[in-house]
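Enquirer: Got a predicted structure here, sequence first:
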Amino acid sequence: MEHRLHQRVRIRIAVEITFKGVRTDNLYTRDISSAGVFIETEASSLPLLSLVQVTFDDIANGVQVKPMAMLVVHKSATGVGLMSIKEETAITAIANVPRAHLSTRVHQPRYAHRR
């Protein structure tokens, strides 16, 4: 039985995060779902439940999406999990981007409920 509510798609897209006026670039997504995105970064100083602006800005892959507000809901040694807080989610924001040149694959969850 699947434990997660939203299927994640493994995809690598360059992103920028802005928090309190400070921009961090050279970051990449690990996966995206209809609820949010996981961004790879080392030892993030972003506080949990902080509001950040995320810009998908990967010109090399033809992805440019206006900044969107997201909430930091998860932190680990490998990155941060961000949740979409408006109707437009990360995955719908890039839905019209041509996919032929983007590497995508469905991510199998690590956590599955056992009976």
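Expert: Happy to help now that I have it.

Enquirer: buried ones in the longest strand seen in the chain?
Expert: Counting residues, the longest strand found in the chain (DSSP state E) is strand 63-76. By 16 or more other CB atoms under 10 Å, the buried positions in strand 63-76 come out as 63, 65, 68, 70, 72, 75. Any C-beta I mention is one placed from the backbone N, CA and C, and that applies to glycine too.

Enquirer: State the distance from the second one to Thr55.
Expert: Separation of Val65 from Thr55 (CB to CB, to the nearest Å) stands at 7 Å.

Enquirer: And for the fifth one?
Expert: Between Val72 and Thr55 the distance is 16 Å, computed by CB to CB.

Enquirer: in this structure, which helix or strand is least confident?
Expert: Least confident element among the helices and strands of the chain, by mean pLDDT, DSSP states H and E: strand 104-106 (a mean of 50).

Enquirer: On the C-terminal side of the longest strand of the chain, identify the next helix or strand.
Expert: Where DSSP states H and E defines the elements, the next helix or strand beyond strand 63-76 is strand 79-84.

Enquirer: Report the angle between that next one and strand 63-76.
Expert: Angle, strand 79-84 to strand 63-76, by axes from the mean of the first three to the mean of the last three CA atoms, to 10 degrees: 120 degrees.

Enquirer: what's the model's confidence in strand 79-84, averaged?
Expert: Strand 79-84 carries an average pLDDT of 93.

Enquirer: Stretch 48-58 now?
Expert: When pLDDT is averaged along stretch 48-58, the result is 89.

Enquirer: List the buried residues for it?
Expert: 52, 54-58.

Enquirer: Please apply the same query to stretch 29-43.
Expert: Buried, per 16+ other CB under 10 Å, within stretch 29-43: 29-33, 35-41.

Enquirer: likewise stretch 74-84?
Expert: Those would be 75, 79-84, for stretch 74-84 by 16+ other CB under 10 Å.

Enquirer: could I get those residues as JSON lines with distance to Leu46?
Expert: JSON lines is the format used below for the buried residues of stretch 74-84 (distance: CB to CB, whole Å):
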{"residue": "Lys75", "distance to Leu46": "7"}
{"residue": "Gly79", "distance to Leu46": "10"}
{"residue": "Val80", "distance to Leu46": "6"}
{"residue": "Gly81", "distance to Leu46": "11"}
{"residue": "Leu82", "distance to Leu46": "9"}
{"residue": "Met83", "distance to Leu46": "13"}
{"residue": "Ser84", "distance to Leu46": "16"}
